[in-house]
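Student: Give me a 3D structure for the following:
(chains A and B, ligands or ions: 1)
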Amino acid sequence: MAYGVAAGHDEHAHHPTGWRRWVNSTNHKDIGTMYIVLALIAALIGGIMSWMIRGELAQPGVTFIDNYQFYNVLVTAHGFIMVFFVVMPALIGGFGNWFVPLMIGAPDMAFPRMNNISLWLTTAGFVLLLIAAFVGAGPGTGWTVYPPLSSATFHPDAAVDFAILSLHVAGAGSILGAINFITTILNMRAPGMTLHRMPLFVWSILVTAFLLLLALPVLAGGLTMLLTDRNFGTTFFEVAGGGDPVLWQHLFWFFGHPEVYIIVLPAFGIISQIVSTFSRKPVFGYLGMAYAMVAIGFVGFIVWAHHMYTTGLGVDTRAYFTLATLIIAVPTGIKIFSWLATMWGGSIELKAPMLYAIGFIFLFVVGGVTGVALANAGIDFAMHDTYYVVAHFHYVMAIAAIFAMFGGYLYWIGKMSGKQYNEPLAKAQFWVFFVGVNVLFFPQHFLGLAGMPRRIPDYPDAFVGWNMVSSVGALITMIGTLMFFYLIWHTFRYGKTAEANPWGEGATTLEWTVPSPAPFHTHEQLPVIGPTGQPRAGSGAVSPAE
Amino acid sequence: MVTKRIIIGTLIGAVVAGLAAAGTAVAGEPQPWQMNLMPAQSPVMERVHEFHNLLLVIQVGIVLLVLGLLGYIIFRFNAKRNPVPSRTSHNTLLEVIWTAVPVVILVIIAIPGLRLLYFHDRAHEYDFTVKVTGHQWYWSYTYPDHGDFTFTSIMVPDDELQEGQPRLLAVDNPVVVPVGTNVQILVVSDDVIHAWAVPSLGVKVDATPGRVNERWLHVHEEGTYYGMCSELCGINHAFMPIQLEAVSPEAFEAWVEETREEWASRQNAPGVRVAAGDGGADVR
Ligand SMILES: [Cu+2]
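Tutor: A predicted model of the protein is given here:
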């Protein structure tokens, strides 16, 4: 029934059809969908790269990659693609675009045409990055692009220039997107939707947008300096001309550390929505949760040099960065315990999105406690640049973000497509994926403690055992990933028609008050939000469903 | 099924090997199925172990606490057992506790952490200096206090390995230091950034062009200690290991004499650098 209403509503919508609907789109839902499609394509490519890496590392010696520059290119591209073209487009561009306007009761984003530019700049960045991999020997610098390895002397062909351009373009897209989100959230909330009534997902996107706005220009500045060093004879990072390669590291990590939170904050937001919905309880300690994200975002800007403990920073500097970094454990602890308290006393339904949320909490805690070790300059050097770090950041941010992506996708797919996913299939997919990533990444802690460096295509024979286990984990993860793609296809092919609110009374945010799939235009009459955060009866949002 | 059997087999193997490794004193070489840090062979690494043991207790404790809570909550508050959810969304005391307790735990971590940081920062008194230079893709070592001689240290290719030389760790000319001596290590680079690391001795420091980084070494026991380059430095990043021999002071003096003479004639000789090769796989 809801579907019929939506279709009827669509007839009234004046929008282009065919390819123009998508390419020229100014509609936040269509743009969100395209971001998600981009993320899925990029995830497949980035995933294939990671399986090639684990395939090569499954046994010592040359397994099948005998060109080590190509191996380094794989490592580099995997990092770039997963960070910039999978997690960011999916969580911010995809779910952010779809659900921020729906959740705050706005008809669309503040700057719909700029929204379109953001999407296509991001897509262009992705294409440039793929081109980079095929130019000359490819960029084999790692995603950190440290000079002098990334300088014209050691990477003479244009591959690194293409990678720089890719990040410039994608970064510009993200900055525009951030401005759009900030403006939308600050100015276009429905009457009664005060900042302190906003769903936590909207809070997470707001904080993330500020991080993007402040961090990306610093990356852009560093990239421009690297570009002119490479092509126009400047020497910002060249020792011979009075420059310093460590300056790059400061600039990169001043961006790079907030980037970690840019990835994980939207995940926090999604997990908060899911945990509350499936516990049928409001979020515990809402204000603490919102301001914990603000605190994490703020502290995220003053801890960057904890990535640089072995560069020769002064010992007092390292002591400061140790203390500042440890402080982050406090707001993240508040988040974890508040999620647990939200579930406490709840009436918990273990639907697939909830499984992913609980899985996220577990992964985030495991990755968090290794982060507490790495925060200490006193011991970090023992793990720095080893697989311990690889295990840490995959747990705390990479796989955790993927869990939020999968969980968010399952949570909202009914609203986005009008079709509900198959619950048993999704649960099976969760368990395969959960087992896979843990078998994949947990043994890497052991490898790192034993001293196995990152970014190596071959390793001493003592490291064989855990590497083999890790690669078996990668195989299981691959099966889980393919199951997810099958699940997507299955949903569109066989999915049951989704109700406006498939989750019951626990789902209290505004997107569940509009039909599924959400009509092309929503909140054309603004809902009026009451003190509970719910729209008042008879106000805009509820009317189409009636 | 086969996969399952492999996993179970490897897990059993891991536990057995882990126990075995814990029982015997192992020198500075990683062991199969090793699950923890390298055994400590220097004052710095001993303190790293102590601190890591403290961290491990806290880490495992927190993970188990959260897992236990999750398990209990899922069991006790699932929809079947608890059909009517509570509406509790605030508890000021609880929120203060879970903010304050982590602060206390962080203080417990920070104090020994900072002490360790200042301990390993630099040697206040050292007996002599070894200068380490990173190159694509080998290390060279200079002994400025012993006649300023320099030699290169290049990985032994697979087909030239001698009995007992571990693959990808053994080099042609190891760096040698006497046991029981404080050695100042100065680390520089000739080209890109590398990192000089010997895990069992608690040393890892970047070799950055334009900078001299300082660390110190003190090896307790004679033996061979291995490490690998720990900053991505190009195609052969995996193939520029560190092999350090700790010997008696007498043997060290003898080694210095021999090596100084041998390398005096080869000093600055062209062709030394190409030994590491620049072709990718052929180095192996
Ligand atoms: Cu190196």
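Student: thought A:Ala518 was touching A:Lys29?
Tutor: Yes - checked against Cβ atoms under 8 Å, the pair A:Ala518 and A:Lys29 is within contact range at 6.1 Å. C-beta here means a position set from N, CA and C on the backbone, and glycine is covered the same way.
Student: Between these two, which contacts overlap?
Tutor: Common contacts of A:Ala518 and A:Lys29 (Cβ atoms under 8 Å, 6 or more residues apart in numbering or on different chains): A:98, A:416.
Student: Neighbour count for those two, which is higher?
Tutor: Neighbours per residue (other Cβ atoms under 10 Å in any protein chain shown) separate A:Ala518 from A:Lys29, with A:Ala518 holding more: 25 against 22.
Student: Please name the nearest non-neighbouring residue to that one.
Tutor: Closest residue to A:Ala518 in three dimensions, ignoring its sequence neighbours and counting by Cβ to Cβ, 6 or more residues apart in numbering or on different chains: A:Lys415, at 5.7 Å.
Student: and after whichever strand or helix holds the one you found, which helix or strand comes next?
Tutor: With the criterion set as DSSP states H and E, the secondary-structure element containing A:Lys415 is helix A:400-417. Using DSSP H and E, the helix or strand that follows helix A:400-417 towards the C-terminus is strand A:419-420.
Student: That following strand pairs with which strands, and in what direction?
Tutor: Strands adjacent to strand A:419-420 in the sheet, as given by DSSP bridges, are strand A:496-497 (antiparallel).
Student: Show me what the helix or strand containing A:Leu102 is in contact with.
Tutor: Taking DSSP H and E as the criterion, A:Leu102 maps to helix A:97-104. Contacts made with helix A:97-104 from outside it, assessed by Cβ under 8 Å, 6+ apart, are listed as A:28-29, A:31-33, A:35, A:106-109, A:115, A:181, A:184-185, A:188-190, A:193, A:198-199, A:201-202, A:205, A:412, A:415-416, A:509-511, A:514, A:518, A:522-523.
Student: Can you name the next helix or strand after that helix?
Tutor: Along the chain past helix A:97-104, the next helix or strand (assigned with DSSP H and E) turns out to be helix A:112-134.
Student: Show me what that next one is packed against.
Tutor: For helix A:112-134, the helices and strands in contact under the criterion 3 or more Cβ pairs under 8 Å, 6 or more residues apart in numbering or on different chains; DSSP states H and E are helix A:28-57, helix A:68-80, helix A:159-187.
Student: wait, does the last one make contact with chain B?
Tutor: No - applying Cβ under 8 Å from any Cβ of the partner chain, one finds helix A:159-187 out of contact with chain B, separated by at least 12.8 Å.
Student: average pLDDT across that helix?
Tutor: Averaging pLDDT along helix A:159-187 yields 97.
Student: distance between the next helix or strand after it and the chain's centre?
Tutor: Per DSSP H and E, the first helix or strand lying C-terminal to helix A:159-187 is helix A:200-231. Average the C-alpha atoms of helix A:200-231, do the same for its chain, and the two points are 15 Å apart (Cα atoms, centre = their mean, to the nearest Å).
Student: Good, we can wrap up now.
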